[in-house]
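Participant: this one's sequence-less:
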Ligand code: FES
């Protein structure tokens, strides 16, 4: 193909792009990328059902080739499993379009990358959900130091709230009860942290509002890995599930209901 000519298929998808728009609602994930060559943008949303792409839409501020490749890739990806869709390459898209002018090949990166980004985001979302569900079922991973510091900074109950007076206290998400407890402890100390593997709090609106108005700091998408100190709790190691990063926080007490 010459550097300036477009195939019939490219022209067709450019003039009548398929699946333009944005999807919303449950089981939807978004992918957004920019083209480093020209600075144009591409956004894909996918709706997943039984691990297959049930619906897909795109929006772009790209050129005609970007529109045509995005339109074609939506047709290629629809109905595929996430694993199959991840394997779609820019070459596959260009081939389906009967080729793209060589100087426009970079435009086809946008659609393939945005689709991949949407799939990865969906898979990450599912991973966090599974982690949160496991925790809710009590299928927690071992927390190093939990036994060692039991009743010496680590507590499995919190009947004696005055024990937390002015203490930096970490409360692990064990459902609504633990959230209510974090709220009660915040009456004793302004430094209460609530740690949850979830992206959002599972509580009714009233409790969420109270938490918002309190001093309780929420750490989302996080897991407690280790409790450390000499004779009593001094700090904890946290795993940020979103960034896949680990860091330490100074704490005096940890409550694990
Ligand atoms: Fe930017 Fe084609 S020139 S996407």
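Facilitator: All right, it came through fine. Computed from a prediction, not measured in an experiment: that's the story for all the values here.

Participant: in the stretch 101-250 of the chain, which residue sits closest to the ligand?
Facilitator: Nearest residue of the stretch 101-250 of the chain to the ligand, counting by Cβ to the nearest ligand atom: residue 107, 3.2 Å away. Placement of C-beta: from N, CA and C, glycine included.

Participant: what's the closest non-adjacent residue to that residue?
Facilitator: residue 65 (3.9 Å; Cβ to Cβ, 6 or more residues apart in numbering).

Participant: which ones are touching that neighbour?
Facilitator: 6, 10, 14, 100, 101, 104, 107, 108 (Cβ atoms under 8 Å, 6 or more residues apart in numbering).

Participant: who wins on neighbours among those residues?
Facilitator: residue 107 (27 neighbours; other Cβ atoms under 10 Å).

Participant: which is the next helix or strand following the host helix or strand of that one?
Facilitator: For residue 107, the host element (DSSP states H and E) is helix 105-136. Per DSSP H and E, helix 105-136 leads on to strand 154-155 as the next helix or strand towards the C-terminus.

Participant: need the contact partners of that following strand.
Facilitator: 145, 146, 163, 227, 233, 253, 254, 255, 256.

Participant: which residues does the fourth one bridge with?
Facilitator: Bridge pairing for residue 227 (DSSP bridges) gives the partners residue 236.

Participant: what about it, how many neighbours?
Facilitator: Neighbours around residue 227, by other Cβ under 10 Å: 25.

Participant: before we move on, what about the second one?
Facilitator: Counted with other Cβ under 10 Å, residues neighbouring residue 146 total 17.

Participant: wait, a strand at residue 223?
Facilitator: Yes: judged by DSSP: H, G, I helix; E, B strand; the rest coil, residue 223 forms part of a strand.

Participant: still on that earlier bit, centre of the chain versus the helix holding residue 107, how much separation?
Facilitator: Mean-position distance between helix 105-136 and its chain equals 8 Å (Cα atoms, centre = their mean, to the nearest Å).

Participant: check stretch 155-164 too.
Facilitator: 33 Å.

Participant: that stretch: end-to-end distance?
Facilitator: End-to-end span of stretch 155-164 (Cα to Cα, to the nearest Å): 11 Å.

Participant: tell me which helix or strand in this structure has the weakest average pLDDT.
Facilitator: helix 105-136 (a mean of 81; mean pLDDT, DSSP states H and E).

Participant: just the angle between it and strand 222-228, please?
Facilitator: Calculated by axes from the mean of the first three to the mean of the last three Cα atoms, to 10 degrees, helix 105-136 forms an angle of 60 degrees with strand 222-228.

Participant: helix 105-136 - contacts with which helices or strands?
Facilitator: strand 28-34, strand 41-49, strand 52-60, helix 64-77, helix 82-86, helix 90-96 (3 or more Cβ pairs under 8 Å, 6 or more residues apart in numbering; DSSP states H and E).

Participant: spell out which parts of the stretch 51-200 of the chain neighbour the ligand.
Facilitator: 62, 63, 65, 66, 107, 110 (Cβ under 6 Å from any ligand atom).

Participant: of all those, which comes closest to residue 198?
Facilitator: residue 110 (32.4 Å; Cβ to Cβ).

Participant: so what's the nearest residue to that closest one once chain neighbours are set aside up against?
Facilitator: Excluding the flanking residues, the one nearest residue 110 by Cβ to Cβ, 6+ apart is residue 42, at 4.0 Å. Residues near residue 42 by Cβ under 8 Å, 6+ apart: 32-35, 58-62, 66, 70, 110-111, 113-114.
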